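Peer 1: Got a predicted structure plus its sequence, pasted below:
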Amino acid sequence: MRYIHCPVFIGPAAARQGVGTILASGPQDIFDEVQPALARMAERVEYFGERPDLAAVNKLCGNAFIIGIASLVADVAEYRARSRHAARRRAQGRRILQRRRRHRGAGKSMIAENFAPSFELDMARKDIRLMIETAGDRPLATLPGIAARMDALIASGHGAQDLAVIGKA
């Protein structure tokens with residue numbers, strides 16, 4: 001039996017459509033053998049080299065951006081909700097959250113309070129744990145705070161909901 005490491009950036013809907021990204025690392029000869037099959041499963045396949053952990057490292061880095069952006073969008077929404085101009089804040093908040101392509105989906109889900117799972121909070125929290133463990137004793141600016149917010153939401157029964165629940169008031 002031979003293995004290659006292949007984490008994915010593919011949610012359930014994307015998997016059904018064969019879109020998304022597969023990351024791969026491990027022996028080059030195995031990658032060359034399985035690459036055609038991987039290419040049928042996703043629109044993009046990225047090979048990171050022979051070192052087996054490189055695909056996982058890059059997957060966690062990508063998830064750090066996804067989780068970090070969703071968390072920042074949640075904070076911006078909360079800040080806007082606390083502004084003095086209550087009558088205008090909801091419409092303005094929507095415009096701000098929908099302005100940038102990278103956070104448009106998270107913002108829309110938070111505004112609509114649509115937390116149907118795509119990237120479950122429990123899974124995102126597992127990734128945050130791995131990131132914090134990997135950092136070891138190095139100082140981290142945001143991940144511990146995000147972890148604490150996730151822990152509170154999970155303790156309140158929101159672990160199976162989408163990461164966008166991080167913006168739940």
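Peer 2: Arrived safely, thanks for sending.
Peer 1: Go through the protein and flag its longest helix.
Peer 2: Counting residues, the longest helix in the chain under DSSP state H turns out to be helix 54-81.
Peer 1: any low-confidence regions in the protein?
Peer 2: Applying pLDDT under 70 to the chain flags the ranges 83-107, 109, 111.
Peer 1: any idea how it splits into domains?
Peer 2: 8-52, 57-167 (automatic domain parsing).
Peer 1: Can you add distance to Arg2 and mean neighbour count and give those domains back as a markdown table?
Peer 2: Placement of C-beta: from N, CA and C, glycine included. Below are those laid out as a markdown table (distance: least, CB to CB, whole Å; neighbours: other CB atoms under 10 Å):
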| stretch | distance to Arg2 | mean neighbour count |
| --- | --- | --- |
| domain 8-52 | 5 | 15 |
| domain 57-167 | 21 | 16 |
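Peer 1: Go through these and name the closest to Met1.
Peer 2: Among the domains of the chain, domain 8-52 comes nearest to Met1, with 10.8 Å by CB to CB.
Peer 1: how far does that closest one stretch from start to finish?
Peer 2: 15 Å (CA to CA, to the nearest Å).
Peer 1: now do stretch 161-169
Peer 2: Terminal residues of stretch 161-169 are spaced 14 Å apart (CA to CA).
Peer 1: Convert the C-alpha atoms of the host helix or strand of Ala152 to PDB, please.
Peer 2: For Ala152, the host element (DSSP states H and E) is helix 143-155. The C-alpha coordinates for helix 143-155 follow below in PDB (Å, rounded to 0.1, in the frame of the first residue of the first chain):
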ATOM      1  CA  LEU A 143      -5.900  32.500  17.000                       C
ATOM      2  CA  PRO A 144      -6.300  32.200  20.800                       C
ATOM      3  CA  GLY A 145      -9.100  34.700  20.800                       C
ATOM      4  CA  ILE A 146     -10.900  33.000  17.900                       C
ATOM      5  CA  ALA A 147     -10.500  29.700  19.800                       C
ATOM      6  CA  ALA A 148     -12.100  31.100  22.900                       C
ATOM      7  CA  ARG A 149     -15.100  32.500  20.900                       C
ATOM      8  CA  MET A 150     -15.400  29.100  19.100                       C
ATOM      9  CA  ASP A 151     -15.300  27.300  22.400                       C
ATOM     10  CA  ALA A 152     -18.100  29.400  23.800                       C
ATOM     11  CA  LEU A 153     -20.300  28.800  20.700                       C
ATOM     12  CA  ILE A 154     -19.600  25.100  20.800                       C
ATOM     13  CA  ALA A 155     -20.500  24.900  24.500                       C
END
